[in-house]
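K.L.:
just the structure for this:
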Amino acid sequence: MNTIETLLEGIQKGNFISVARALTIVENSLGSSETLLRKLDVQRTTPIIGITGPPGAGKSTLVNAITANYADAGKRVAILAVDPTSPFNFGSLLGDRIRMSQQFNKPNVYIRSVATRGALGGISTKTMEMVDVLTAANFDVIIIETVGVGQSELEIAGLADRTIVVLVPESGDEIQHIKSGLMEIAQAFVLNKSDREGADTFANNLNKLLRQAEPEVPVFKTVADKNEGVAALCDWLALPLHYDNFRKPYLLAEKAFKLLQFYRTRDVDRARLLADIKVASEEKNFNIYRFIDAWR
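P.N.:
I've put the predicted structure just below:
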């Protein structure tokens, strides 16, 4: 049996070593990555939960609490924690490995950090491919935690079956700014750190704003580091998924577009691009449009 077939067999059995090797192959676009992706038996029934929100909202702590709830019930959980990539050295802190350290010893929990690789919405093409590997590994649930949110950072909706937006009471002044973008993608809002002053007022204002939403968008109040309110959120997550057949083709088309965009530009050498633009930008009449003509 060849290496790819052996790896696929391990993935289907949920072997963490096989999953880790496959994710490394896919993330780094190693030689066999395209063959591997095309042979995956992707389980579309595996629920994917997307968790996003501004920095400091306690997303990792909430993911940690949700994971503990699932793991203690005997569920197999995969976590893909997306960390921002530096635009200067393309490195990433991948700090979720530290923040979720108490989950590492659980045999039914798999955690992987991945860099955004500069993706505007916090979801790179590599993340999409890695999620497909995880869905083939027979996990009971997959959780994707992304970097902070904004009007352009809505790509998680194309990957997740349920998108949760995490806010804190201090977000109250920003509610008018977030509504036009996030209100369209969130299936639920979580007001974390709800033991802080102003939490009740913020929750009431958010509920009023969501009153016209169809279907109903719930608001959960949690204190994730104390495991308060997490059980109610997990009960909601356990409800049967109702797939939107009208919306699904649009989301798949967007995913296909992102993949095509990546495959058509992957041979662009970013290191050489940086070196060339350092020299070219020193010229008095530098024009970026004329510059990229040489790269097209």
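
K.L.:
stretch 138-146: which residues count as buried?
P.N.:
Residues 138-139, 141-146 are the ones in stretch 138-146 that count as buried (16 or more other C-beta atoms under 10 Å). Every C-beta, even on glycine, is put in place using the N, C-alpha and C of the backbone.

K.L.:
distance of residue 29 relative to residue 83?
P.N.:
Distance, residue 29 to residue 83, using C-beta to C-beta, to the nearest Å: 19 Å.

K.L.:
which of those two has more neighbours?
P.N.:
residue 83 (19 against 14; other C-beta atoms under 10 Å).

K.L.:
right, and the helix or strand after the worst-scoring helix or strand of the chain on mean pLDDT?
P.N.:
For the chain, counting by mean pLDDT, DSSP states H and E, helix 96-99 ranks last in confidence among helices and strands (a mean of 54). With elements assigned by DSSP states H and E, the helix or strand that comes after helix 96-99 is strand 109-115.

K.L.:
right, and residue 129 touches residue 25 too?
P.N.:
No - if you go by C-beta atoms under 8 Å, residue 129 and residue 25 don't touch, sitting 9.9 Å apart.

K.L.:
overlap of the contact sets of those two?
P.N.:
residue 33 (C-beta atoms under 8 Å, 6 or more residues apart in numbering).

K.L.:
would you list every one of the strands in the chain?
P.N.:
Along the chain, counting by DSSP state E, strands occupy 48-52, 77-83, 109-115, 141-145, 162-167, 188-191, 219-221.

K.L.:
mind putting these in JSON lines, mean pLDDT included?
P.N.:
Converted to JSON lines, these look like this (pLDDT from 0 to 100):
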{"stretch": "strand 48-52", "mean pLDDT": "91"}
{"stretch": "strand 77-83", "mean pLDDT": "88"}
{"stretch": "strand 109-115", "mean pLDDT": "87"}
{"stretch": "strand 141-145", "mean pLDDT": "93"}
{"stretch": "strand 162-167", "mean pLDDT": "89"}
{"stretch": "strand 188-191", "mean pLDDT": "93"}
{"stretch": "strand 219-221", "mean pLDDT": "95"}
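
K.L.:
in CSV: those strands, plus distance to residue 203.
P.N.:
Putting those into CSV (distance: least, C-beta to C-beta, whole Å) gives the following:
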stretch, distance to residue 203
strand 48-52, 18
strand 77-83, 27
strand 109-115, 30
strand 141-145, 22
strand 162-167, 10
strand 188-191, 5
strand 219-221, 6
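
K.L.:
to residue 256, which of these lies closest?
P.N.:
Residue 256 lies closest, by C-beta to C-beta, to one member of the strands of the chain: strand 48-52, at 17.3 Å.

K.L.:
who does the closest one pair up with?
P.N.:
Each strand paired with strand 48-52, and its direction, by DSSP bridges: strand 141-145 (parallel), strand 162-167 (parallel).

K.L.:
longest helix in this protein, by residue count?
P.N.:
Counting residues, the longest helix found in the chain (DSSP state H) is helix 248-265.

K.L.:
quick one: list the elements packing against that helix.
P.N.:
When contacts are defined as 3 or more C-beta pairs under 8 Å, 6 or more residues apart in numbering; DSSP states H and E, helix 248-265 sits against helix 125-135.

K.L.:
coming back round to it: any chance of TSV for the buried residues of stretch 138-146, columns distance to residue 224?
P.N.:
Listed next are the buried residues of stretch 138-146 as TSV, based on distance: C-beta to C-beta, whole Å:
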residue	distance to residue 224
138	28
139	22
141	17
142	19
143	13
144	17
145	12
146	17
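
K.L.:
out of the residues you listed, flag the one nearest to residue 166.
P.N.:
Proximity to residue 166 was ranked across those by C-beta to C-beta; first place goes to residue 145, at 9.3 Å.

K.L.:
who's in contact with the closest one?
P.N.:
By C-beta under 8 Å, 6+ apart, the contact set of residue 145 is 51-52, 59-60, 63, 79-82, 96.

K.L.:
same question for residue 46.
P.N.:
By C-beta under 8 Å, 6+ apart, residue 46 lies in contact with 134-135, 138-142.

K.L.:
which residues in this structure form helices?
P.N.:
3-12, 16-27, 33-39, 59-72, 96-99, 125-135, 175-182, 199-210, 230-237, 248-265, 270-280, 288-293.

K.L.:
just put those helices in CSV and tack on mean neighbour count.
P.N.:
Formatted as CSV, those follow (neighbours: other C-beta atoms under 10 Å):
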stretch, mean neighbour count
helix 3-12, 16
helix 16-27, 19
helix 33-39, 15
helix 59-72, 22
helix 96-99, 15
helix 125-135, 22
helix 175-182, 15
helix 199-210, 15
helix 230-237, 16
helix 248-265, 12
helix 270-280, 11
helix 288-293, 10
